[in-house]
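Student: structure for this input, please:
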Amino acid sequence: MKILSRSVRRAVLVGAAALLLTASACSDPDSDSGSESAASITIGMQAPINSFDPADLLEGQQAYVWSALYDTLLHIDNDGKLQPNAAESWKYSDDARTLTLKLRDKMTFSSGDTVTAAAVKATLEHTIASAGSQRGNLEAVTAVEAPDERTVVLSLSRPDSSLLISLSQGAGVIGDPKTLNTPRTTLDPVGSGPYVLDRKATVNGSRYVLQRRDDYWNADAYPFRTLTVRVIADRTALFNALLSGELDAGTVDASQARAVKGAGRQLKRVEGVAIATLDLNDRAGTLAKPLGDVRVRRAINMAFDRSKIVEKIIGGLGQPTTQIFTPQSPAFDPALDKKYPYDPAAARKLLAEAGYAAGFSLTIPATVVSQILQPTITQSLGDIGITVNWKPVPPQDSGQTKEYAVYFNMAGTTPTPRTITLKLAPDGSKNPFKYKTPELAALIDKASTVTDPEQAAGIYQQINAYVVDDAWFAPIFSISANWVTKSGIEYLGNGAGLLSSVRTFGVTG
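Tutor: Numbers count the residues shown, from 1 in each chain. The predicted model follows:
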């Protein structure tokens, strides 16, 4: 296995952090010092807000801003558990095709108007009717009704196991019907969330300043009276500011962690924030015939010395894995990580049994993300007889399509139902060849109709076991994050709560 030089590895780690870790939190130089400094927090993100229109919200770093301006119907807490939020309760019908939500009483928009079921209905219908980024998350919703001021009823064309997750994220925000279809919504929305934009202090595209609403129904969950989100593209500048004490919190790689810890900062390691994997998408062998044989896909899984890769390539900031679900997921099974031990000889034997003793070639798109592991993937697969040809593609063309049989993917983890919907369902956007098997399709259909979390967890584990055994992917490692905070600020997440929110930070004594 080819090992990069120390200087290159360091550059790789910094680049990976920039691509995979959600954000850094920085102290505002204008904020008070001492114990009062925790009353405000500034969070950095690497790209400006595209829009505050509910239909166009992007998840990821931008959610630090919009999740403070808007309530979501439901909430995923820092342990990854689905919780009530603007909706104090929810219930599915027996066939999982009708979802009824009961809103909290006495919620208000920042304008002072009351939040009603009619407002929820208007926002959901606005998103469904648009061509925005959130419409796909409500694809199963055929009708929204508001039979009274606090009840919202969603009718579905089919059971959708991802819907509750979507309602805890961008698809579940509540906008003010009076301003929802006006230009104001794009830059200065009227929402029901805990903060409002300070328009005088905000510079769109570079600095967003938000002030906490004292009349918000759940103000105690937001200890920071002022939230500032800055657009800062340079990760090196963020690290240097963290090291010098100008930052309250941030994410760092393994080598940087030693430096910040030596400077007296608090360090918290968060496991499983992302997964690095080869997505073996052409499982029917349509484009690359060898991949249609499960023995070939299993051989690819046995080609990687995952422990050595974690140690030498990412500096120990992760864990070897052969599954696409992290330990925080109810689908995770630690026994599955022993399914494919590093064994090039056994891999070559499997290839020979499949009729590929002389090997074959694969073309994989080369992206900014894949650069991290391209030499290692090339050598690892080459050692079992598979020649890898990397084809550079521009970032805008790096999405998974039927043009390539295999993709290298390194992305933040998503809630289990959404992972299943995106990667495993026949119409999933990360399943470009629309591959399906009767066995897995039956499990997915079964999971979509189950509304009890404990019962669903058992089905998720069956799905995971099937996918690992049938080698749909060749996962290599999960990625960890080192969160560094200074006195007075605490990072509360454990990698399970995936929405970028100021609620992942707390105040310590």
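
Student: residues near residue 98, how many?
Tutor: Residue crowding around residue 98 was assessed by other Cβ atoms under 10 Å; the count is 15. All C-beta atoms are positioned from the backbone trio N, CA, C, and that covers glycine.

Student: for residue 113, that is, sorry about that
Tutor: For residue 113, using other Cβ under 10 Å, the count is 14.

Student: what's the closest non-adjacent residue to it?
Tutor: Among residues not flanking residue 113 along the chain, residue 176 sits closest, at 6.6 Å (Cβ to Cβ, 6 or more residues apart in numbering).

Student: contact partners for the one you found?
Tutor: The contact partners of residue 176, by Cβ atoms under 8 Å, 6 or more residues apart in numbering, come to 109, 111, 113, 119, 189-192.

Student: hey, where'd the strands end up in the stretch 101-250 of the chain?
Tutor: For the stretch 101-250 of the chain, the strands defined by DSSP state E, counting those that start in this stretch occupy 141-148, 151-156, 195-197, 207-212, 226-231, 249-252.

Student: which one, of those, ends up nearest to residue 284?
Tutor: strand 151-156 (29.8 Å; Cβ to Cβ).

Student: and the longest strand for the protein?
Tutor: For the chain, the strand with the greatest residue count under DSSP state E is strand 266-280.

Student: for the next helix or strand after it, packing partners?
Tutor: Where DSSP states H and E defines the elements, the next helix or strand beyond strand 266-280 is helix 294-301. In terms of contacts (3 or more Cβ pairs under 8 Å, 6 or more residues apart in numbering; DSSP states H and E), helix 294-301 is packed against strand 266-280, helix 344-353, strand 473-485.

Student: point out the most buried one among these.
Tutor: strand 473-485 (a mean of 24; mean count of other Cβ atoms under 10 Å).

Student: which strands or helices does that one pack on?
Tutor: Contact analysis of strand 473-485 by 3+ Cβ pairs under 8 Å, 6+ apart lists strand 249-252, helix 254-262, strand 266-280, helix 294-301, helix 306-312, strand 318-320 as its packing neighbours.

Student: which positions in the fifth one come out as buried?
Tutor: Yep, that's helix 306-312 we're talking about. By neighbour count on 16 or more other Cβ atoms under 10 Å, the buried set for helix 306-312 is 306, 309-310, 312.

Student: how about the CA coordinates for it, as PDB?
Tutor: This file holds the C-alpha atoms of helix 306-312, laid out as PDB (Å, rounded to 0.1, in the frame of the first residue of the first chain):
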ATOM      1  CA  ARG A 306      -8.300  -0.600   6.600                       C
ATOM      2  CA  SER A 307      -6.400  -0.400   9.900                       C
ATOM      3  CA  LYS A 308      -3.200   0.700   8.200                       C
ATOM      4  CA  ILE A 309      -5.100   3.200   6.100                       C
ATOM      5  CA  VAL A 310      -6.600   4.800   9.200                       C
ATOM      6  CA  GLU A 311      -3.300   4.900  10.900                       C
ATOM      7  CA  LYS A 312      -1.100   6.200   8.100                       C
END
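
Student: which strands and helices lie in contact with it?
Tutor: strand 318-320, strand 473-485.

Student: what's the shortest one in contact with?
Tutor: In this structure, residues lying in contact with strand 318-320 by Cβ under 8 Å, 6+ apart are 271-272, 276, 306-307, 309-310, 337, 476-480.

Student: of those residues, closest to residue 262?
Tutor: Using Cβ to Cβ, these come closest to residue 262 at residue 480, 19.7 Å.

Student: contacts only, for the closest residue to residue 56 other than its chain neighbours.
Tutor: Distances taken as Cβ to Cβ, 6+ apart place residue 132 nearest to residue 56, at 4.2 Å, with adjacent residues excluded. Applying Cβ under 8 Å, 6+ apart, one finds that residue 132 lies in contact with 53, 55-57.

Student: now render those as JSON lines, adding pLDDT and secondary structure.
Tutor: Supplementary listing: these in JSON lines, determined by pLDDT from 0 to 100; DSSP: H, G, I helix; E, B strand; the rest coil:
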{"residue": "53", "pLDDT": "97", "secondary structure": "coil"}
{"residue": "55", "pLDDT": "96", "secondary structure": "helix"}
{"residue": "56", "pLDDT": "95", "secondary structure": "helix"}
{"residue": "57", "pLDDT": "95", "secondary structure": "coil"}
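
Student: could you turn the buried ones of those residues into a PyMOL selection?
Tutor: Selecting the buried subset of the contacts of residue 132 in PyMOL, with 16+ other Cβ under 10 Å as the burial test, is done by:
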select buried, resi 53+55+56+57
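
Student: quick check: phi and psi at residue 507.
Tutor: phi -110, psi 130 (degrees, to the nearest 10).

Student: next, the contact list for it, please.
Tutor: Neighbours of residue 507 in contact, by Cβ under 8 Å, 6+ apart: 38, 223-224, 488-490.

Student: please apply the same query to residue 346.
Tutor: 299, 302.

Student: I'd say residue 155 and residue 141 touch.
Tutor: Yes. Using Cβ atoms under 8 Å, residue 155 is in contact with residue 141, at 7.2 Å.

Student: which one's more surrounded, the two?
Tutor: residue 141 (21 against 14).

Student: the nearest residue to that one once chain neighbours are set aside: how many residues sit nearby?
Tutor: Excluding the flanking residues, the one nearest residue 141 by Cβ to Cβ, 6+ apart is residue 154, at 5.3 Å. By other Cβ under 10 Å, the residues close to residue 154 number 24.

Student: so for residue 452, which of the strands of the stretch 101-250 of the chain sits nearest?
Tutor: Among the strands of the stretch 101-250 of the chain, strand 151-156 comes nearest to residue 452, with 17.8 Å by Cβ to Cβ.

Student: what does that closest one rub up against?
Tutor: Under Cβ under 8 Å, 6+ apart, the answer for strand 151-156 is 73, 87, 96-103, 117, 120-121, 124, 140-147, 163.

Student: now do it against strand 141-148, angle only.
Tutor: 160 degrees (axes from the mean of the first three to the mean of the last three Cα atoms, to 10 degrees).

Student: check residue 197 and give its pLDDT.
Tutor: Here the pLDDT value assigned to residue 197 is 96.

Student: to residue 228, which of the helices and strands packed on strand 473-485 lies closest?
Tutor: strand 249-252 (13.2 Å).

Student: can you dump the C-alpha coordinates of that closest one into PDB?
Tutor: The C-alpha trace of strand 249-252 is given here as PDB (Å, rounded to 0.1, in the frame of the first residue of the first chain):
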ATOM      1  CA  ALA A 249     -14.400  26.400  19.200                       C
ATOM      2  CA  GLY A 250     -13.500  24.600  16.000                       C
ATOM      3  CA  THR A 251     -12.600  21.300  14.400                       C
ATOM      4  CA  VAL A 252      -9.000  20.200  13.900                       C
END
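
Student: so what secondary structure elements neighbour it?
Tutor: Using 3+ Cβ pairs under 8 Å, 6+ apart, strand 249-252 sits against strand 24-26, helix 235-244, strand 473-485.
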